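**Q** coords below, sequence missing:
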């Protein structure tokens, strides 16, 4: 992920941070999805995106 962002012109520190946040969002989303209700049709992508939104809000609060 980091290399792909750098190849697109994203500065190195920003690319690393974005990649780490992406991995963390996936991990958190996967945990919620795998522990959740099996009748929930929203799927893994929904939970990963929700986790990413939560992480974005948390980073914004850091100032």
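**A** Now that the structure is in, tell me what you want to look at. Just so we're clear, the structure is a prediction, and the values are computed from it rather than from any experiment.
**Q** which non-adjacent residue is nearest the residue nearest the centre of the chain?
**A** When CA atoms, centre = their mean is applied to the chain, the residue found nearest the centroid is residue 25 (2.9 Å). Closest residue to residue 25 apart from its sequence neighbours, by CB to CB, 6 or more residues apart in numbering: residue 52 at 3.8 Å. No exception for glycine: its C-beta is placed from N, CA and C like everyone else's.
**Q** residues touching the one you found, list them.
**A** With contacts defined as CB atoms under 8 Å, 6 or more residues apart in numbering, the neighbours of residue 52 are 21-22, 25, 29.
**Q** related to what we said a few turns ago, next one: the strand or helix carrying the residue nearest to the centre of the chain to chain centre, how far?
**A** Assigned by DSSP states H and E, residue 25 falls within helix 12-35. A distance of 4 Å separates the centroid of the chain from that of helix 12-35, by CA atoms, centre = their mean, to the nearest Å.
**Q** Show the pLDDT at the closest residue to residue 28 other than its chain neighbours.
**A** Excluding the flanking residues, the one nearest residue 28 by CB to CB, 6+ apart is residue 51, at 3.9 Å. Here, the pLDDT recorded for residue 51 equals 96.
**Q** May I see the buried residues of stretch 1-12?
**A** 2, 5, 10 (16 or more other CB atoms under 10 Å).
**Q** Same list, the residues you listed, but as JSON lines with distance to residue 43, pLDDT and secondary structure please.
**A** Listed next are the buried residues of stretch 1-12 as JSON lines, based on distance: CB to CB, whole Å; pLDDT from 0 to 100; DSSP: H, G, I helix; E, B strand; the rest coil:
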{"residue": "2", "distance to residue 43": "26", "pLDDT": "96", "secondary structure": "helix"}
{"residue": "5", "distance to residue 43": "25", "pLDDT": "96", "secondary structure": "helix"}
{"residue": "10", "distance to residue 43": "28", "pLDDT": "97", "secondary structure": "coil"}
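**Q** mind checking the SS state of residue 9?
**A** coil (DSSP: H, G, I helix; E, B strand; the rest coil).
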